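1. Okay, sequence plus prediction incoming.
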Amino acid sequence: MADDLEIRSGLILPGAELFFSASRSGGPGGQHANKTSSRVTLSWDLLGSIALTDAQKHRLKSRIGSRLTQDGVLQIHVEEFRSQIRNKELARERLREVIINGLRVDKRRVPTRAGKNARKRRMDGKKARGAVKKLRRKPSGD
């Protein structure tokens, strides 16, 4: 269906889960801005979505929880263009990016040790720095 939003291969949000509303944009007016509703708000119920597994919902909620309403609804507001249709397309793309970034699994960091030569260079640098500081001292009264 054309209204469905493909997030990635194998993950498609049904168009019935996406709710759009339009309102007047803020900012300076003019004849066009005062009479058109070009600002688009896209609402998507994360917790009520049938497209995601429970694990995916939990991961998304933990990663983007600050962007959700108390009811678990993600709202995206777009008012960049004068065209409501272009704002709607941009809102769909932003939702897609939020979901992709929220579901991304970060690679585990593999702890590594510094190599033998790197440790030697570090110690040589520390000794050289110490020697410079030693030369700055007052001469001892031998």
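-> Received, thanks.

2. What separation do you get for residue 71 and residue 15?
-> 20 Å (Cβ to Cβ, to the nearest Å). Glycine gets a C-beta too; all of them are placed from N, C-alpha and C.

3. show me where this structure has helices.
-> Using DSSP state H, the helices of the chain run over residues 54-64, 84-103, 116-136.

4. And those: which comes nearest residue 77?
-> Closest approach to residue 77 among those (Cβ to Cβ): helix 84-103, 7.8 Å.

5. That closest one: how far from the chain's middle?
-> 12 Å (Cα atoms, centre = their mean, to the nearest Å).

6. Show me what it is packed against.
-> Under the contact criterion of 3 or more Cβ pairs under 8 Å, 6 or more residues apart in numbering; DSSP states H and E, helix 84-103 touches strand 5-8, strand 18-23, strand 39-45, helix 54-64, strand 73-78.

7. Would you mind listing the buried residues in that helix?
-> By 16 or more other Cβ atoms under 10 Å, the buried positions in helix 84-103 come out as 84, 87-88, 90-92, 95-96, 98-99, 102-103.

8. do the same with stretch 35-46
-> Those would be 38-44, 46, for stretch 35-46 by 16+ other Cβ under 10 Å.

9. pLDDT and distance to residue 22 added to those residues, as TSV?
-> Below are those laid out as TSV (pLDDT from 0 to 100; distance: Cβ to Cβ, whole Å):
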residue	pLDDT	distance to residue 22
38	85	7
39	89	7
40	92	6
41	93	8
42	93	11
43	93	12
44	91	16
46	89	22
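
10. Among the residues you listed, which one lies nearest to residue 114?
-> residue 46 (43.5 Å).

11. Kindly provide the distance from that closest one to residue 70.
-> Taking Cβ to Cβ, one finds residue 46 at 12 Å from residue 70.

12. still on that earlier bit, residue 25: which of the helices of the chain is closest?
-> Nearest of these (Cβ to Cβ): helix 84-103, 8.8 Å.

13. who touches the closest one?
-> Helix 84-103 is contacted from outside by 5-8, 13, 18, 20, 22, 36-42, 44, 56, 59-60, 63-64, 67, 74, 76-81, using Cβ atoms under 8 Å, 6 or more residues apart in numbering.
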